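*Asks:* One predicted model, sequence on top.
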Amino acid sequence: MENRYDIAVIGTGPAGLEAAITARVRNKNVILFGSKDLSNKMQVVKHPILNYLGLPSVTGEQMAAAFNKQLEELGITITEKRVTSVYAMGDYFTLQLDDNTMAEASTVILATGVVAGKPYPGEEKFLGRGVSYCATCDAPLYKGKDVAVIGGSKKEEAEADFLGEVCSSVTYFPLYKDEPEFKNNVKVVREMPKEIRGEKKTEALVTSGGEYPVDCVFILREAQFPGQLVPGLETDGNAVKVDLQMKTNIPGLFAAGDIAGRPYQYIKSAGQGNIAALSAVDYLASLR
């Protein structure tokens, strides 16, 4: 990974892809974080999308194939590391990744999509005091202790397995239908998490079926709520507050697509991704 990128784009839906493409066309050094399968929202759409200019009556899967082809033509690669936190450092940003490494960028564009629901009661209160979003990063802090893992998808099982090697016990709460598979020391419980309780730090996870004393709750979602991903970021519900240039309240940080609010439309997301990239280019020029 390079020392510092001009623009870091987080998300591989239409907003993030368009932002990365526009930034590359403007000769900026870009790193794109997300899934190589692109947005899951596109992959599951089997009916024709009728209002995307230039791609009439395509399915989400066909649209994703067209996007992938354009990425290949421009030499844009996707980094499949999950960004767990973004910190504003003045004239640049530090991105913490799920493999306990860091990346730096002069500007950041958030295009992670909308996160359904809302944080669990106690989640924000105990963040950093028994609530974590990265097992690889924080597992050493809980060596020999009892922890819970809330898994948003099957791919989170690898992190739970790692915790099983470090922690005294791991209780895993899957939020998906597939049957979890673990090597050892991980107990699967099919109950819905409700609340994280404690005094000065996390002491228990309350579920639909009971209460589990734990020292930490690892919440492994596909994407974090924007206010938790970036400390100090202004939000309105689950959406990031932006102006017409896709600027947030933090200089050098931009947001586009579903994360910036309704309407949730592919064409709108792509347009905002383009604007966010151009605004990031202008911001980089102002730094010089």
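*Replies:* Sure thing, it's come through. Numbering: from 1, shown residues only.

*Asks:* The residue lying closest to Lys194 once chain neighbours are set aside in helix, strand or coil?
*Replies:* The shortest distance from Lys194 to any residue that is not its chain neighbour, by Cβ to Cβ, 6 or more residues apart in numbering, is 4.9 Å, and that residue is Val206. Bear in mind the C-beta positions are built from the backbone N, C-alpha and C, glycine included. Secondary structure state of Val206, per DSSP: H, G, I helix; E, B strand; the rest coil, is strand.

*Asks:* can you map out the helices along the protein?
*Replies:* For the chain, the helices identified by DSSP state H occupy 14-25, 40-43, 60-74, 135-138, 157-166, 226-229, 266-287, in order along the chain.

*Asks:* give me the number of residues near the residue nearest to Lys194?
*Replies:* For Val206, the number of neighbouring residues by other Cβ atoms under 10 Å comes to 17.

*Asks:* I'd say it and Ile196 touch.
*Replies:* Yes - when contacts are counted by Cβ atoms under 8 Å, Val206 is listed as touching Ile196 (7.5 Å).

*Asks:* Tell me which residues touch Lys145, please.
*Replies:* With Cβ atoms under 8 Å, 6 or more residues apart in numbering as the criterion, the residues that contact Lys145 are 167-168, 215-216.

*Asks:* Check Ala19 too.
*Replies:* Contacts of Ala19 (Cβ under 8 Å, 6+ apart): 7, 9, 109, 111, 256, 273-274, 276-277, 280.

*Asks:* Taking those residues together, which two end up most distant?
*Replies:* Checked with Cβ to Cβ, the contacts of Ala19 reach their widest spread between Ile7 and Asn274, with 13.0 Å between them.

*Asks:* Please say which of the two ends up with more neighbours.
*Replies:* The residue with the greater number of neighbours, taking Ile7 and Asn274 and applying other Cβ under 10 Å, is Ile7; the counts read 28 against 19.
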